[in-house]
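Visitor: Need coordinates for the below:
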Amino acid sequence: MNFDFSSEQLQIKDGVSKLLARRCPPAAVRRVLDGQEPFARDTWSALADDGFLGAAISTEHGGIGAGPLELCVIAEELGAALAPVPFLSSIGLCAELLGRAASADQQSQWLPRLASGERIGCLALVESPGRIAPDQIASQVTNGRLTGSKLAVLDGDVADVALVAAHSAGAVRLFLVDLHASGVSREALASIDPSRGQARIQFESVAAEPLPAGDWAVTESALDRAAVLLAFEQIGGAAKALDMARAYARERFAFGRPIGSFQALQHKLVDMYVALVLARSNSYYAAWAMAHDADALPEAAAAARISASQAYQLCARESIQVHGGSGFAWDLDCHLHYRRAHLYAVCLGGTTQWQDRLIDAMLARRRQSAQGLS
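Guide: Residues are numbered from 1 along each chain as shown. Here you go, the predicted model:
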């Protein structure tokens, strides 16, 4: 059996890689990190022009109508390049939810704009530190007006539209909100990785359109799918951090021999490689589950999320150690991966929450199996 991506998907991966090599060098990442621009606009425009933003959006709405596997290979290359673009928020979350839960009018109004990169979307869920759950949401929609506050909204500082979780008629649902509307205020938040913006968003009686199918079950499913994309970004970054460490271990000499010949360094590189292979295996299985809408998706997404977070943090940290004293220098790119690894470890909920989700998914599958045998 062939467990790799298809030749067409690998061509997309190669195309994104070449585009990012031209349009998103480390200098572009550092411009955003230093606050010279909120995100890499040129890179975002190039991704849109080549059709990569619309990979999973239907042709009816300006996309190319491919699927989630294409998004996975794109995400991996974005992670390797540390691309400071709102791909996960706008495409992996907002466009995904619009495609599954929005009305035909809402889809025709927003999906073409997201596919073209003309507009940026985000998902606003979290209101306080802790787990992501309906009982943690206090925002309210009354008579079509939203009031509430959302914390640490990824790309909320640059987004044009948000899907906001709020209470209405006794349930938590998703609402479409124009972030340029009156009553919306935003505050950019400081984080360990300023190249990926986050914001606190306040809503004061803002017009909000309900998504007809935007219940909490749909939201949780979208989080699972976004977790898979984020895992691919993480394994892309982890692989790049490992490549940087391996290259330096081969070219740096000490006591007349390359430092990669020393057993202590070899152990670090092997640990990084093993963690990456485990994360990649989990992520590939999760990608399969996502592409087939398999019942195993919640379990597979959680496993991918956990292992990819751990692998990226390990590879980013050990890459700095392999580089030695120079690894801590601002001029080297090691710290860029260290920053991104730690930020992504808490996006979409931290590792502890995903461990809980994995346990819940495994127990649910066990109960289903027991019921099937009885």
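Visitor: how about the helices of the protein, start to end?
Guide: Here the chain has its helices, by DSSP state H, at 7-23, 26-33, 41-49, 68-80, 87, 96-101, 104-116, 216-251, 263-291, 297-323, 334-344, 351-373.
Visitor: Would you mind giving these as CSV with mean pLDDT, mean neighbour count and distance to Val177 added?
Guide: For every residue, glycine as well, the C-beta is placed using N, CA and C. CSV is the format used below for these (pLDDT from 0 to 100; neighbours: other C-beta atoms under 10 Å; distance: least, C-beta to C-beta, whole Å):
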stretch, mean pLDDT, mean neighbour count, distance to Val177
helix 7-23, 96, 16, 31
helix 26-33, 95, 17, 25
helix 41-49, 97, 18, 22
helix 68-80, 97, 26, 24
helix 87, 98, 23, 21
helix 96-101, 96, 22, 13
helix 104-116, 97, 18, 12
helix 216-251, 97, 23, 15
helix 263-291, 96, 19, 27
helix 297-323, 97, 25, 26
helix 334-344, 97, 22, 25
helix 351-373, 86, 13, 25
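Visitor: Let me have those in a markdown table, adding distance to Leu179 as columns.
Guide: Formatted as a markdown table, these follow (distance: least, C-beta to C-beta, whole Å):
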| stretch | distance to Leu179 |
| --- | --- |
| helix 7-23 | 26 |
| helix 26-33 | 20 |
| helix 41-49 | 17 |
| helix 68-80 | 23 |
| helix 87 | 18 |
| helix 96-101 | 15 |
| helix 104-116 | 12 |
| helix 216-251 | 19 |
| helix 263-291 | 28 |
| helix 297-323 | 27 |
| helix 334-344 | 22 |
| helix 351-373 | 26 |
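Visitor: Among these, single out whichever gets nearest to Leu189.
Guide: Among these, the nearest to Leu189 by C-beta to C-beta is helix 334-344 (11.3 Å).
Visitor: Now do that closest one: which elements does it pack against?
Guide: If contacts are counted by 3 or more C-beta pairs under 8 Å, 6 or more residues apart in numbering; DSSP states H and E, helix 334-344 sits against helix 26-33, helix 216-251, helix 297-323.
Visitor: Out of the ones you listed, which is closest to Trp110?
Guide: For the helices and strands packed on helix 334-344, distance to Trp110 was read as C-beta to C-beta. The smallest value, 15.2 Å, belongs to helix 216-251.
Visitor: Run the chain-centre distance for the closest one.
Guide: Distance, stretch centre to chain centre, for helix 216-251: 8 Å (C-alpha atoms, centre = their mean, to the nearest Å).
Visitor: the inter-axis angle of it versus helix 263-291?
Guide: 150 degrees (axes from the mean of the first three to the mean of the last three C-alpha atoms, to 10 degrees).
Visitor: Would you confirm that Glu87 contacts Thr43?
Guide: Careful, residue 87 is Phe and not Glu. No - the pair Phe87 / Thr43 is not scored as a contact, 9.8 Å apart, by C-beta atoms under 8 Å.
Visitor: show me the contacts for Ala66.
Guide: By C-beta atoms under 8 Å, 6 or more residues apart in numbering, the contact list for Ala66 reads Ile12, Ala55, Ala56.
Visitor: Right, I'll leave it there.
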